[in-house]
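*Asks:* Next input, structure requested:
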Amino acid sequence: MSPITMSLFHISLGLGTMMTFASNHWFLAWMGIEINTLALIPLMVQNPHPRAVEASTKYFFAQATASAMLLFATLLNSILTGEWNIPLISHPTPSALCILALAMKIGLAPLHTWLPEVIQALDLRTSLILSTWQKLGPLYLMYQIPSVNPNLFLLLGLLSIIVGGLGGFNQVQLRKIVAYSSIAHLGWIAMALAIMPPLALLALYVYLLSSTTLFISLMALRAKHISTLAISWAKAPTFTATFPFILLSLGGLPPLTGFMPKWLILSALVKEPLTLVAVLAALSSLLSLYYYLRLFYASTLTMPPNNPPGTLPWRLKPRRNTLFLALTITATAALLPLTPAILTYLTW
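*Replies:* Alright, predicted model coming up:
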């Protein structure tokens, strides 16, 4: 694919998302999401591999189904209430259909089955776009929908945390592990949307930061399988030293940044009071922590039985800019002390 064509599709991704952000009308927001979806499919098949073609087909059918459901729900809302404005969707049935359609677009459980298979078949750069940028438009619309069905958000969120934890247990492909991690983090965001939307924004910011850092680290290590992490010390020793901080932050352990949204969401659930939901969410997050610790173990505490050929790249100076990765790793690990200031800014 030529650089001009590639730039055109990346610009279309940005314009589609910005169109969704700027829209107050359901039809215009739907158009923005569709532009975003159609711009990503050529990026998926830029390497003409059968698995990439299969992934793009699965992605197209899943997104087309969700788009049809979303358009039907907004049309039904206009018939029942006479309104096309996003914040004025007040009827329970169209509201629930819109939430389910948007949940399918971002991959919330139980509408998540397409996401791990699609991410597994893509390269890490396209998987990063699918895991981060493509979530912004649907999550913005879910944020704008009035909380007519808070229990639906709680159910989707709790199911996503459980499925995201169980799904990554026996996985050895790093992209599938990241996909199930994404499902679990989106579950926390969905639960926050039900009780306190500003906390959902905070959880989204931390998720985008942590996922971007993880993907860039995997691209720097050229790692796609859990076994390749055993020779990461030879390829990039500095990245290997900081990689555990990213994993533990994704797992939500203090004193790292990933602990911030989970701590605040659990506190808000207990105050509602939704203590049982908070306990189930906290226990289910331990499932995700298990496979983060597997990656921790594979990258730091295991070594191959012989001298790997990956020692040569360590002796050569890498020709890549590591400033952005250094900044994101620092932010992923060290923003927890700024929690009061960040929360004040979001709730102001």
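*Asks:* When you work out contacts or count neighbours from here on, use the C-alpha atoms and nothing else.
*Replies:* Fine.
*Asks:* Please report the distance of the nearest residue to residue 91 once chain neighbours are set aside from residue 94.
*Replies:* Excluding the flanking residues, the one nearest residue 91 by C-alpha to C-alpha, 6 or more residues apart in numbering is residue 77, at 6.8 Å. Distance, residue 77 to residue 94, by C-alpha to C-alpha, to the nearest Å: 5 Å.
*Asks:* more neighbours, those two?
*Replies:* When neighbours are counted by other C-alpha atoms under 10 Å, residue 77 comes out ahead of the other of residue 77 and residue 94, with 24 against 21.
*Asks:* so who does the more buried one touch?
*Replies:* For residue 77, the contact set (C-alpha atoms under 8 Å, 6 or more residues apart in numbering) comprises 83-84, 89, 91, 94.
*Asks:* Which helix or strand contains residue 8?
*Replies:* Using DSSP states H and E, residue 8 sits in helix 3-22.
*Asks:* Tell me the buried residues in that helix?
*Replies:* Buried residues in helix 3-22, counting neighbours by 16 or more other C-alpha atoms under 10 Å, are found at 9-10, 12-21.
*Asks:* and if you look at stretch 289-308?
*Replies:* 289-292, 295-296, 298-300, 303.
*Asks:* pLDDT weak spots in the protein?
*Replies:* Along the chain, the model assigns pLDDT under 70 to residues 303-321, 348.
*Asks:* domain assignment for it?
*Replies:* Split into domains by automatic domain parsing, the chain comes to 1-148, 171-348.
*Asks:* List the contacts of stretch 12-25.
*Replies:* Contact partners of stretch 12-25, identified using C-alpha under 8 Å, 6+ apart, comprise 28-37, 39-40, 84-87, 136-137, 140.
*Asks:* In PyMOL, how would I select just the buried ones from these?
*Replies:* A single PyMOL command is used to select the members of the contacts of stretch 12-25 judged buried by 16+ other C-alpha under 10 Å:
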select buried, resi 28+29+30+31+32+33+34+35+36+37+39+40+84+85+86+87+136+137+140
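*Asks:* so which helix or strand takes in residue 273?
*Replies:* Following DSSP H and E, there is no helix or strand that holds residue 273.
*Asks:* I'd like the numbering to begin with 35 instead of 1 from here.
*Replies:* Happy to do that; since the first residue is 35 now, the last one works out to residue 307.
*Asks:* Now do it against residue 251, distance only.
*Replies:* Plainly put, residue 307 is 39 Å away from residue 251 if you go by C-alpha to C-alpha.
*Asks:* So if I had to pick from the two, which one is more boxed in?
*Replies:* residue 251 (22 against 11).
*Asks:* isn't there a helix covering that one?
*Replies:* Yes. The assignment for residue 251 (DSSP: H, G, I helix; E, B strand; the rest coil) places it in a helix.
*Asks:* OK, contacts around it?
*Replies:* Applying C-alpha under 8 Å, 6+ apart, the residues contacting residue 251 are 273, 277, 359.
*Asks:* neighbours around the last one, how many?
*Replies:* Using other C-alpha under 10 Å, residue 359 is surrounded by 17 other residues.
*Asks:* before we move on, what about the first one?
*Replies:* In terms of burial, residue 273 registers 19 neighbours under the definition other C-alpha under 10 Å.
*Asks:* hang on, the earlier thing: pick the one among the contacts of residue 251 closest to residue 147.
*Replies:* residue 277 (28.1 Å; C-alpha to C-alpha).
*Asks:* Give me the neighbour count for that closest one.
*Replies:* Residue 277: 21 neighbours (other C-alpha under 10 Å).
*Asks:* next one: the one 3 residues further on
*Replies:* Counted with other C-alpha under 10 Å, the burial measure for residue 280 works out to 27 neighbours.
*Asks:* Now the helix or strand that contains it - C-alpha only, CSV.
*Replies:* Using DSSP H and E, residue 280 falls within helix 271-285. C-alpha atoms of helix 271-285 as CSV (Å, rounded to 0.1, in the frame of the first residue of the first chain):
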residue,chain,number,x,y,z
PRO,A,271,17.3,-5.3,28.1
THR,A,272,15.9,-1.9,29.1
PHE,A,273,12.4,-2.7,27.8
THR,A,274,12.6,-6.1,29.6
ALA,A,275,13.3,-4.3,32.9
THR,A,276,10.3,-2.0,32.5
PHE,A,277,7.9,-4.5,31.0
PRO,A,278,6.8,-5.9,34.4
PHE,A,279,5.6,-2.4,35.5
ILE,A,280,3.3,-2.3,32.4
LEU,A,281,1.9,-5.7,33.2
LEU,A,282,1.3,-5.0,36.9
SER,A,283,-0.3,-1.7,36.0
LEU,A,284,-2.7,-3.4,33.7
GLY,A,285,-3.4,-5.9,36.5
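*Asks:* for that helix, packing partners?
*Replies:* Applying 3 or more C-alpha pairs under 8 Å, 6 or more residues apart in numbering; DSSP states H and E, we find helix 271-285 packed against helix 231-255, helix 266-269, helix 309-334, helix 357-368.
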